[in-house]
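> 3D, please:
(one chain, ligands or ions: 1)
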Amino acid sequence: MTTTRHDSARAAVELSTVRKVYGAGDRSVTALDGVTIDFPPGTFTAIMGPSGSGKSTLLQCAAGLDRPSEGQITLAGTDIGRLDEKKRTQLRRDHIGFVFQAFNLVVSLTAAQNVELPSRFAGRRVGHEQVAAALAAVGLAERAGHRPGELSGGQQQRVALARALVTRPDVLFADEPTGALDTTTSREVLRMMRMLVDREGQTTLMVTHDPLAAAVADVVVFLKDGHVADRIGLSREPESRNAASIAAHMARLEA
Ligand SMILES: Nc1ncnc2c1ncn2[C@@H]1O[C@H](COP(=O)(O)OP(=O)(O)OP(=O)(O)O)[C@@H](O)[C@H]1O
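Numbering: from 1, shown residues only. This next block holds a predicted model:
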């Protein structure tokens, strides 16, 4: 099956009264408690909130990696709750890219081979030109033949970004993509993500603890105890000014 593609507007993600409860009885934990939120096409959203507020759970459910206990999630125009496991896998393959804190690169393969590998596994071989273009887009055209051990942390995360974006997914999910990087390198990766959203228009959801990381987004969503506690739009202010107002919001939430 090929999932329906809504080309007129690149896919947004929508959650409607989503609840996610882990476990049962006395030991159950409500990670998401009636979350309704939409992520418009082409927007870059940072998801923040205290530890345990439900950020990763939201990302996992929105990406179809986990099922909500209640509520509806629409991705690429498809109600993912109605899909069986095979079709959800297909939806993810056709529409979604992922980057994580750990770069998850195969150490014995070159940057180009790492970019190509997942699509090959998924039976959707991408051509050499696509791989070269994806590496060029993250500024690593000259490093296609290098193995991860020969690249810096920031460069490795850029290879992971190229791998996530080589199939031009509608939505990019990023879980703490700069969590393992120092400040300077983080900034380089974040600017690249920002540039790619502006250029390619993929809807991007990024979980982060770092106000400086969130500062490159268009919108910051704050979770608290499984609820959306706040949502602020950012203007293209200098990042440091955005970061300061995000940090102030976080401090109020955690107070
Ligand atoms: N597999 C699981 N089984 C049971 N409880 C879980 C599971 N995954 C998450 N939780 C609980 O659900 C709540 C939300 O967790 P989640 O990981 O989504 O929070 P988070 O905001 O991403 O936290 P952090 O910033 O610490 O990574 C927490 O109370 C957590 O302990």
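> just for the chain, where's the confidence low?
1-11 (pLDDT under 70).
> Close to the ligand: what parts of it are there?
Residues of the chain found near the ligand (CB under 6 Å from any ligand atom) are Y22, G23, V29, A31, G49, S51, G52, S53, G54, K55, S56, T57. The C-beta positions use only the backbone N, C-alpha and C, and glycine is treated the same way.
> how about the residues you listed in CSV, adding distance to E70?
What follows is those, written out as CSV (distance: CB to CB, whole Å):
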residue, distance to E70
Y22, 13
G23, 15
V29, 15
A31, 12
G49, 20
S51, 24
G52, 20
S53, 19
G54, 14
K55, 19
S56, 19
T57, 13
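> secondary structure class for G97?
Following DSSP: H, G, I helix; E, B strand; the rest coil, the label given to G97 is strand.
> Give me the neighbour count for it.
A total of 24 residues lie near G97 under the criterion other CB atoms under 10 Å.
> Likewise for L181?
Using other CB under 10 Å, L181 is surrounded by 23 other residues.
> which ones are touching the nearest residue to it once chain neighbours are set aside?
In this structure, L181 finds its nearest non-sequential neighbour in G153, 5.3 Å apart by CB to CB, 6 or more residues apart in numbering. Counting by CB atoms under 8 Å, 6 or more residues apart in numbering, G153 touches F103, A180, L181, D182, T185.
> which of the residues you listed are buried?
Among the contacts of G153, those classed as buried by 16 or more other CB atoms under 10 Å are F103, A180, L181, T185.
> Which members of these occur in helices, if any?
Taking DSSP state H as the definition of helices, the buried ones among the contacts of G153 contribute T185.
> returning to what we had before: quick check, nearest of the contacts of G153 to the ligand?
Checking those against the ligand by CB to the nearest ligand atom gives A180 as the nearest, at 14.0 Å.
> who touches the closest one in this structure?
Shown in contact with A180 (CB under 8 Å, 6+ apart): Q101, A102, F103, G153, Q157.
> just curious, which of those is nearest to the ligand?
The ligand has its nearest neighbour among these in Q101, at 10.0 Å by CB to the nearest ligand atom.
> Next, give phi and psi for the closest one.
Dihedral angles of Q101 (phi, psi; degrees, to the nearest 10) stand at phi -60, psi -50.
> And for M206?
phi -130, psi 120.
> and the helix or strand containing S56, how far out from the chain's middle?
Under the criterion of DSSP states H and E, S56 resides in helix 55-62. Counting by CA atoms, centre = their mean, to the nearest Å, helix 55-62 is centred 10 Å from the centre of its parent chain.
> So which residues make contact with that helix?
With contact meaning CB under 8 Å, 6+ apart, helix 55-62 is reached by 13, 15, 18, 20, 31-32, 35, 39, 47-49, 66-68, 73, 75, 173, 175, 205, 207, 223, 226.
> The next helix or strand after it pairs with which strands, parallel or anti?
Downstream of helix 55-62, the first helix or strand assigned by DSSP H and E is strand 70-75. Strand 70-75 has its sheet partners listed here by DSSP bridges as strand 13-22 (antiparallel), strand 78-79 (antiparallel).
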